[in-house]
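# quick one, what's the 3D model for this:
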Amino acid sequence: MKTFVTVLGLASLVALAACDSAKENQVENAYENQADALDNQADNMEAMADNLTGNAEMAAENAADSLENKADATREAGDEAGDAVENEH
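All right, here's what the predicted structure looks like:
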């Protein structure tokens, strides 16, 4: 499911890229890279959780969920920052 959402998101970005300014894309890409790093950390945390049990597993899964939420918030902030750059013109 995560792969499908990623592919869908990339397809949307490609479709919108023609309308965006270079500066807007640069801003959004910086946020997207940061969000991707958070997603990678979440994936690593989930893999670690698979090797744990009980409370430790739950704590790791909660940490992974928190990282995924931060990634989503970072992407949202990137979109807003990109829009702000675009609206300056």
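# secondary structure element holding the closest residue to Ala71 other than its chain neighbours?
Of all residues beyond its chain neighbours, the one nearest Ala71 is Leu38 (3.9 Å), with distances taken as Cβ to Cβ, 6 or more residues apart in numbering. C-beta: built from backbone N, CA, C; applies to glycine. For Leu38, the element it lies in under DSSP states H and E is helix 22-49.
# buried ones in that helix, by neighbour count?
The neighbour-count check on helix 22-49 (16 or more other Cβ atoms under 10 Å) flags 24-25, 27-28, 31-32, 34-35, 38-39, 41-42, 45-46, 49 as buried.
# before we move on, what about stretch 50-69?
Those would be 60-61, 63-64, 67-68, for stretch 50-69 by 16+ other Cβ under 10 Å.
# got the CA coordinates for it in CSV?
Only the C-alpha atoms of stretch 50-69 are listed here, as CSV (Å, rounded to 0.1, in the frame of the first residue of the first chain):
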residue,chain,number,x,y,z
ASP,A,50,9.8,-7.1,14.5
ASN,A,51,12.7,-8.4,16.6
LEU,A,52,11.3,-7.2,19.9
THR,A,53,8.5,-8.4,22.1
GLY,A,54,6.0,-6.9,24.5
ASN,A,55,6.4,-3.3,25.7
ALA,A,56,9.6,-2.8,23.7
GLU,A,57,7.9,-3.8,20.5
MET,A,58,5.0,-1.4,21.2
ALA,A,59,7.4,1.4,22.0
ALA,A,60,9.3,0.8,18.7
GLU,A,61,6.1,0.7,16.7
ASN,A,62,4.8,3.9,18.4
ALA,A,63,8.1,5.6,17.6
ALA,A,64,7.8,4.4,13.9
ASP,A,65,4.3,5.8,13.8
SER,A,66,5.5,9.1,15.2
LEU,A,67,8.2,9.3,12.5
GLU,A,68,5.7,8.6,9.8
ASN,A,69,3.5,11.4,11.2
